[in-house]
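Trainee: Attaching a predicted model along with its sequence, questions to come.
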Amino acid sequence: MRKFFTLSLAAATLAGAGAAYAQAGQAPERAPLTRAAVEQRSAERFARMDANGDGVLDQADREARQKAMFARLDADKNGTISFEEFSAVREHRQGRRAERSGHGARDGSVTRAEFTTAALARFDRTDADNDGTLGPDERPARPMMHRDRGARDAR
């Protein structure tokens, strides 16, 4: 289990780095991603995940993160999470996401036209040569952990 968790962490770190690199190709304002930057980011992420600071990610760290998450959700500190508390956190996240994207608050509904417009805008941003087709060089790489899920589940 420990080996699987460590390998999963390494795969997630590499997938994140690969996704960041793929996105850097689509967004020219981003700086190139260096090996040193990946090493630094993975060290920072590991430190955040290592709740007890013992240099090992294990069940104790997972439980500590889960307890901290529960404490953040349990606004009235009564030991239970009500639907209202759960919804408040969700709404707060949506508000922050809307602020970052510059779209402002939304009512939560999406029309078919809005959905299609957003999908086509993503397609158009990715279609670098504007030929109406996404070739292999234009499609972002998918993280390995998703492609290999079937093989992992078969074990």
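Mentor: Great, that's in hand. Here the structure is a predicted model, which is why all the values come from computation and not from measurement.
Trainee: Tell me where the model's unsure across this structure.
Mentor: Scanning the chain for pLDDT under 70 picks out 1-30, 102-108, 141-155.
Trainee: again, only using 90
Mentor: Scanning the chain for pLDDT under 90 picks out 1-37, 51-52, 72, 89-119, 122-155.
Trainee: Would you mark the buried spots in the strand or helix carrying H92?
Mentor: Here H92 sits within helix 83-101, counting by DSSP states H and E. Judged by neighbour count using 16 or more other Cβ atoms under 10 Å, the buried positions of helix 83-101 are E85. All C-beta spots, glycine's among them, are computed from the backbone N, C-alpha and C.
Trainee: got a list of contacts for the next helix or strand after that helix?
Mentor: Once the chain leaves helix 83-101, the next helix or strand it forms, by DSSP H and E, is helix 112-126. For helix 112-126, contacts defined as Cβ atoms under 8 Å, 6 or more residues apart in numbering pick out Q26, N130, L134, E138, R139, P140.
Trainee: how about the helices in this structure?
Mentor: Using DSSP state H, the helices of the chain run over 2-26, 35-49, 59-73, 83-101, 112-126, 144-147, 149-154.
Trainee: Done for today, thanks.
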